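> Predicted model and sequence below, questions to follow.
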Amino acid sequence: MTLRKYLILLAVTVFGACGDVCLGRGMRDFGAVTSSNWHQLLTALLDPWVIMGICLLILFFCSYLTALSWADLTYVLPATAISYVLMALLAKIFLHENVTLEHWLGIGLITVGVGFVATGPSLTVPARHAREKSESAATHVARPKRTRSEV
């Protein structure tokens with residue numbers, strides 16, 4: 001994998017985690033959404049933290065789409081699992097959330113588990129493409145040389 005692809009995966013990880021933390025911060029300012037105030041939910045879009053979160057998540061989706069253009073979903077999603085760790089760290093530092101030992105162990109298990117999945121190939125050759133390639137190879141089978149008597 002190239003440096004550019006690693007940077008795109010890093011962008012997916014950082015933009016996703018930071019965007020979610022910003023949304024969490026903004027929604028803390030807004031308060032709980034209930035059946036009595038759900039109609040005011042659009043006013044949350046005016047909160048600077050929510051705006052920042054949305055912008056970061058747009059960057060996340062752009063980098064995510066870029067990664068999916070050259071790799072399988074089953075590779076991209078696990079390859080960015082470190083975002084769970086980053087998100088917990090950011091939530092602890094900036095949102096002052098209580099991240100217990102059980103949370104850290106769960107995050108660690110998830111990250112290690114999806115890390116096993118990410119060790120496979122980044123791109124699966126589609127069955128149709130593999131069939132076309134084998135058919136193409138079959139039509140280009142070497143012909144035996146003709147002898148002078150056949151000419």
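Ah, there it is.

> contacting residues around Thr80?
Leu9, Val12, Thr13, Gly16, Ala67 (CB atoms under 8 Å, 6 or more residues apart in numbering). In this view, the C-beta of every residue, glycine as well, is placed from N, C-alpha and C.

> my guess is the second one meets Phe61, correct?
No. Under the criterion of CB atoms under 8 Å, Val12 is not in contact with Phe61, lying 9.1 Å apart.

> if we take the contacts of Thr80, which one ends up nearest to His96?
Gly16 (20.9 Å; CB to CB).

> Please name every helix or strand in contact with the lengthiest helix in the chain.
Counting by DSSP state H, the longest helix found in the chain is helix 3-30. Here helix 3-30 touches helix 48-70, helix 73-79, helix 82-94, going by 3 or more CB pairs under 8 Å, 6 or more residues apart in numbering; DSSP states H and E.

> try it again with 6 Å
Judged by 3 or more CB pairs under 6 Å, 6 or more residues apart in numbering; DSSP states H and E, helix 3-30 is in contact with helix 48-70, helix 82-94.
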